[in-house]
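A.B. asks: can't give you the sequence, but here's the structure:
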Ligand code: KG4
Ligand code: ZN
């Protein structure tokens, strides 16, 4: 099955062609046009600018994705589009473009939950992957621990109660004057600092639950930086990045260990933009070795937002005949509970 897929939920316009079957999970092309430069000056994503930039980019990206894949629109079997959750104006661009293409070319269309897309990135790299498995989706907008029980049953067993993990990285990076978005810069800097230099509060909520809170940790780091600066003391950015990152990593591992105690999963997949974090990747691999769990981590190109992951998730929708009509809409919210692969 050849799938043309679209992702426009935030600040990346992405189009891909993936070839999917029982045995083949192949990315034929995957183009991501980042809007980072446009939002940099504001220190965060400006939704109106994001929507406009998606409109300007999406047609040409589609032409390029098809040509890189070496296929024509006629050869495409299914169109897949991320329609939830995300910035509503941004999502609507992808949804309307995909619907127009489907209508004009008489192609079936499937709708994909963006979070399910992040998880599905793993199917592209590990074609033998099958539920049941556990997944941790860590991105700029989401932090969820998900029990993928079967192809048609996903359950969120833990999540953030306030800020997303990536949001916390980005905020602290911004206060330290690092380049936007700060996650990658924090990652690099953390490798150069002392992780025991500053004590920050854990993001793992105490008690018998699998939830996180990144807001207190984020505020503690921001306050620490402001206090040091006000006292006229030089801040050691690398030490802050290292201590902050280590606190996040330890918080995540703590909840993964608890989840493993409760559910005893054998396969664990990392997903989302923050899955690119080298310190988190290392800790998750160690966690897997210690508990004898198969660890799946996508390459960096499939951690951040991309359309190949939307195509991969869309394949499972198409396979079970879950096609949409032209009444398909976009939604700002949407959990994975009740979703299927
Ligand atoms: O999945 P994604 O591209 O978009 C959302 O769905 O939100 O994730 C983007 C997030 C940003 O917060 C970015 O700073 C973070 O992923 N990120 C990282 C790293 N690379 C990207 N965070 C920590 N370490 C990294 N290496
Ligand atoms: Zn994402």
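C.D. replies: Structure's in. What do you need? None of these values were measured; they are calculated from a predicted model. Numbering: from 1, shown residues only. Ligands and ions are numbered 1, 2, ... in the order given.
A.B. asks: For the rest of this, base every contact and every neighbour count on C-alpha atoms.
C.D. replies: Fine.
A.B. asks: could you pull out the helices for the stretch 201-341 of the chain?
C.D. replies: In the stretch 201-341 of the chain, the helices defined using DSSP state H, counting those that start in this stretch lie at 215-230, 237-263, 278-291, 308-319.
A.B. asks: if you skip the residues just before and after it, what's nearest to residue 24?
C.D. replies: In this structure, residue 24 finds its nearest non-sequential neighbour in residue 127, 7.2 Å apart by Cα to Cα, 6 or more residues apart in numbering.
A.B. asks: and that neighbour, how many residues sit next to it?
C.D. replies: 15 (other Cα atoms under 10 Å).
A.B. asks: same thing with residue 117?
C.D. replies: The burial count for residue 117: 27, using other Cα under 10 Å.
A.B. asks: thinking again about what came up before, who's in contact with the residue nearest to residue 24?
C.D. replies: 23-25 (Cα atoms under 8 Å, 6 or more residues apart in numbering).
A.B. asks: Surely it forms part of a strand?
C.D. replies: No - looking at residue 127 with DSSP: H, G, I helix; E, B strand; the rest coil, it is coil, so not inside a strand.
A.B. asks: can you list the contacts of residue 127 in a markdown table and add secondary structure, pLDDT and neighbour count?
C.D. replies: A markdown table is the format used below for the contacts of residue 127 (DSSP: H, G, I helix; E, B strand; the rest coil; pLDDT from 0 to 100; neighbours: other Cα atoms under 10 Å):
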| residue | secondary structure | pLDDT | neighbour count |
| --- | --- | --- | --- |
| 23 | coil | 91 | 8 |
| 24 | coil | 94 | 13 |
| 25 | strand | 96 | 19 |
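A.B. asks: how much does the helix or strand hosting residue 17 deviate in direction from helix 308-319?
C.D. replies: Per DSSP states H and E, residue 17 falls inside strand 12-20. Our comparison of strand 12-20 with helix 308-319, counting by axes from the mean of the first three to the mean of the last three Cα atoms, to 10 degrees, yields an angle of 50 degrees.
A.B. asks: quick revisit: so which of the contacts of residue 127 comes closest to ligand 1?
C.D. replies: residue 25 (20.9 Å; Cα to the nearest ligand atom).
A.B. asks: could you list every residue that touches that closest one?
C.D. replies: 18-19, 123-125, 127, 312.
A.B. asks: Which of the residues you listed has the largest number of neighbours?
C.D. replies: Of all the contacts of residue 25, residue 312 has the most neighbours under the rule other Cα under 10 Å, reaching 31 neighbours.
A.B. asks: one step back: most packed of the helices of the stretch 201-341 of the chain?
C.D. replies: Among these, helix 308-319 has the highest mean neighbour count (mean count of other Cα atoms under 10 Å), at a mean of 28.
A.B. asks: Go ahead and measure how far it is from the middle of the chain.
C.D. replies: Chain-centre distance of helix 308-319: 16 Å, with Cα atoms, centre = their mean, to the nearest Å.
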